[in-house]
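> Could you look at this predicted model? Sequence included:
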Amino acid sequence: MKTALFSVLTILNCNLSLGNLFTSSVAFGQQRSSIENEPIKVAYQGEPGAYSEKSTRELLGKMVNTVGRPNFEACYKAVMSKECDYACVPVENSLGGSIHENYDLMLRYDLTIVAEHDFRVHHCLSAKNGVKKNDIKFAISHPQALAQCDNYLRANGITPIPTYDTAGSAKMISENDLPPGCTVENTAAIASDLAAETYGLNVLESCIEDDDSNFTRFLLLGRKGIVQYLTKDVPAKTSVVFTLPDSPGALYKALACFSLRDIDFSKIESRPTSANLLQFLRFRSQLEGKKAREAAKMPRFRYCFYLDFLASELDEDAQNALHHLREQASFMRVLGSYPQKSRLVGPIHAAAQTIERIGSGASSVTLPSDKDTGRLKIGIIGYGNFGRFLGKKIASQHEVSCLDTIDKSKEAHEDGISYFPPYDVSSFLKSVDVVVFAVSLNEFEEVVRSIPVDPLEGKLVVEVCPLGTHPKNIMMQYFPFNTDILCCNPMFGPSSAASDNWDGLPLIYDKVRVIDLRRANKFLSIFEDARCKMVEMQTEEADAFTADAEFITHLTGRVLDRESLPPTIVCSKEYAALLDVADMTAADSFDLFYGLFKFNKNASSHLNKMRDNLAKIERQIAAREAYLTAKAELQNDERQRLLAECKDLLREVARGNIMDDGDISDDFEEKLVSSPPVVLGISADSNSTIGTNSTIPSK
């Protein structure tokens, strides 16, 4: 239940309204002014000198500030956290095909395409200064780059040795960190000329690739779209992703939305849907009136279709086509509308002009999060079951202390954290950077009002209640304006997750008021590093989706009562699910359940409906039992009547009412015809039957 709800929230949070795409000229002027004051930073994947960095410099200018990231997802995170302005990522190669990871990440993160660039890949053979081409015995590089230069390496008798990265191979030579058997005198790197320049290597030969049609398409991603800057004279392209119902001709009908309006395509590709999107599609099927079991019977493989068409999203024909597609698609999202062929418009064009005009910039910069390797000091108020559950996990990465009205010094010592008694709350607050409120909803306001608020200035306050609207309002009311506020709802706990394994478990969070974004992101990275499924959503919206489901789940578990569910060697999936629900709620306190009731306006109606349903079931059971009893009595009376008639008929036979010639008397024949057939085997003088197979038929 919780995992499905999380997936739904993830997808719902990704949808953007068209109205958000428009910005005023005043806002553009302010944005441009900001750009002029602070040069933009662009994230790319790889070491400095990577082809991604070279592509970024080709698109935005040689002096743009670039930031190397260890993987593609880190590029998306850098832009989402506002540490970088844009990310430049590859999506397809003319020889290797699509880079599916980036397509999946575009669905997961709410970024928009603002530009594209077709980058010509030129491989260079680079070595230390003084080394000649004839000295080279080994070539190190990424396996794909080695494969693209296979003919050249064979012709020159050079042995390929795969490494983790193209630019990384140049770095390995410059640092003399080479594979066994390789030396700086006999080894060269296959990388870009920018990598050779970055690491002080000499380019022995350029353009050594076997195929001269090696191009990689890069996309520039930002937090805001630029569709409003696409004028009629700017050739535009729009990228969309959608899923279709499992019906004949669905794809044909979807493509007809564009072809009927003479809108040309430049690409279409299918890709299996992510687990989150699949859960959303099931949820939507239930909203459309389908039963949960029917909605779950979706095809095992559902596909997303990625489509690029050659028109702006704001063109009249394109708007009509997209509206038509939305009517047919189970899910549809516009990934961005942007200029074709490396052209720049809007704020990114202004930024590129500024970089060119200033003529200075950093070759490669680092982010504040890269420099900050220190541990956070996190204090947990309320060290009950859930507080301790969080504390154990957090203590493996950061310095943790706790405060509770009950003496928890023994438990804290076992978990390797510090315990503060309630009378020392001021010292507790002064010693931490982050304060986590792990108290029940019922006690939240009382606890907040009981602590001094002055020590909270400049700190991050986090609440982890199952419903966040009430705690959010309390914190906004009582805490200073310079106190950062973060609402988190870990949709798991001690009863539903192992303390050391949170892989795949959902966390909903809302950055209500955050000034120190780096600190907030570092706290959230605790859950990210544990591989939780993260979704950012406003607290009120999240509660609207989860409050009823949480209350009904806990209500059902408490009604079941774990002790009333006997264990069994063999059980159905449904019974196993009931046992899980009962186990989960048995481990939670009644205070948690009461909080779910008190702060959910629909809880009383759900409780009344549950009571009415139980009463209805009791009435149905009583009515069925009364019906079966009456039916049995009627059948017994009818059986007795038929038995008596059969006896009378047999007596008449025994008295000789059959004529000598074998004819039956008219009186007997009339009774025999009017009576149902019976098996002759009943004694005329007793109620017992003679034949073992005799039966008495019923009407």
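All right, it came through fine. Nothing here was measured: the structure is a model prediction, and the numbers come from that model.
> Same question for the helix or strand encompassing D118: list its buried residues.
Using DSSP states H and E, D118 sits in strand 112-120. Buried residues in strand 112-120, defined by neighbour count with 16 or more other C-beta atoms under 10 Å: T112, I113, V114, A115, E116, H117, D118, F119. Where C-beta positions appear, they are placed from N, C-alpha and C, glycine not excepted.
> The second one pairs with what?
Same thing as I113. Legend: beta-bridge partners of I113 under DSSP bridges are L221.
> contacting residues around stretch 249-266?
Stretch 249-266 is contacted from outside by 237, 242, 244, 268, 305, 307-311, 317-318, 320-322, 324-325, 328-329, using C-beta atoms under 8 Å, 6 or more residues apart in numbering.
> before we move on, what about stretch 337-350?
Stretch 337-350 is touched from outside by 28, 31-32, 35, 40, 58-60, 86, 113-118, 220, 222, 224-230, 234-239, 310, 312-314, 352, with contacts defined as C-beta under 8 Å, 6+ apart.
> May I have the distance across it, first residue to last?
In stretch 337-350, first residue to last residue: 18 Å (C-alpha to C-alpha, to the nearest Å).
> ok, now stretch 256-267?
Start-to-end span of stretch 256-267 (C-alpha to C-alpha) is 15 Å.
> For that stretch, give the mean pLDDT please.
Across stretch 256-267, pLDDT averages out at 94.
> For the remainder of this discussion, apply numbering that starts at 47.
Sounds good: first residue 47 from here, last item stretch 302-313.
> What residues of that stretch count as buried?
Here stretch 302-313 shows C303, F304, R307, I309 as buried, counting by 16+ other C-beta under 10 Å.
> Equivalent analysis for stretch 135-143, please.
Quick answer for stretch 135-143 (16+ other C-beta under 10 Å): V135, P136, V137, E138, N139.
> Dig out what the second one forms beta bridges with.
Beta-bridge pairing of P136, defined through DSSP bridges, involves F264.
> Hmm, it is touching T262, no?
Yes - using C-beta atoms under 8 Å, P136 makes contact with T262 at a distance of 5.0 Å.
> can you list residues touching both of the two?
Contacts common to P136 and T262, judged by C-beta under 8 Å, 6+ apart, are S101, F165.
> From the buried residues of stretch 302-313, pick the one nearest F483.
For the buried residues of stretch 302-313, the minimum distance to F483 (C-beta to C-beta) is 50.0 Å, reached by C303.
> quick check: mean pLDDT across the helix or strand where C121 lies?
Using DSSP H and E, the element containing C121 is helix 118-126. Helix 118-126 shows an average pLDDT of 91 in the prediction.
> Residues contacting that helix, please?
For helix 118-126, contacts defined as C-beta under 8 Å, 6+ apart pick out 89-91, 113, 115, 130-135, 147-148, 151, 154-157, 267-269, 413.
> and with 7 Å instead?
89-91, 113, 115, 130, 132-133, 135, 147-148, 151, 155, 157, 267-269, 413 (C-beta atoms under 7 Å, 6 or more residues apart in numbering).
> from memory S220 sits against G246, does it?
Yes - in this structure, S220 is within contact of G246 by C-beta atoms under 7 Å, at 6.0 Å.
> Quick check, pLDDT for the residue nearest to T284 when sequence neighbours are not counted.
Distances taken as C-beta to C-beta, 6 or more residues apart in numbering put S383 closest to T284, at 4.3 Å, once the chain neighbours are dropped. According to the prediction, S383 has pLDDT 95.
> any idea which helix or strand comes after the helix or strand harbouring S383?
Assessed by DSSP H and E, S383 sits inside strand 377-385. On the C-terminal side of strand 377-385, the nearest following helix or strand under DSSP H and E is helix 392-404.
> pull the helix or strand with minimum mean pLDDT from this structure.
Sorting the helices and strands of the chain by mean pLDDT, DSSP states H and E puts helix 71-83 at the bottom, at a mean of 41.
> which ones among the buried residues of stretch 302-313 are found in helices?
C303, F304 (DSSP state H).
> pretty sure E255 contacts D196?
No - judged on C-beta under 7 Å, E255 makes no contact with D196 at a distance of 9.8 Å.
> Can you list the residue ranges for strands in the stretch 247-396 of the chain?
According to DSSP state E, counting those that start in this stretch, the stretch 247-396 of the chain carries its strands in the segments 248-252, 261-268, 282-289, 311-318, 349-355, 377-385.
> Make TSV out of those strands and add distance to L532.
Shown next, in TSV, are the strands of the stretch 247-396 of the chain (distance: least, C-beta to C-beta, whole Å):
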stretch	distance to L532
strand 248-252	50
strand 261-268	25
strand 282-289	30
strand 311-318	34
strand 349-355	32
strand 377-385	27
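> who wins for proximity to D211 among these?
strand 261-268 (14.9 Å).
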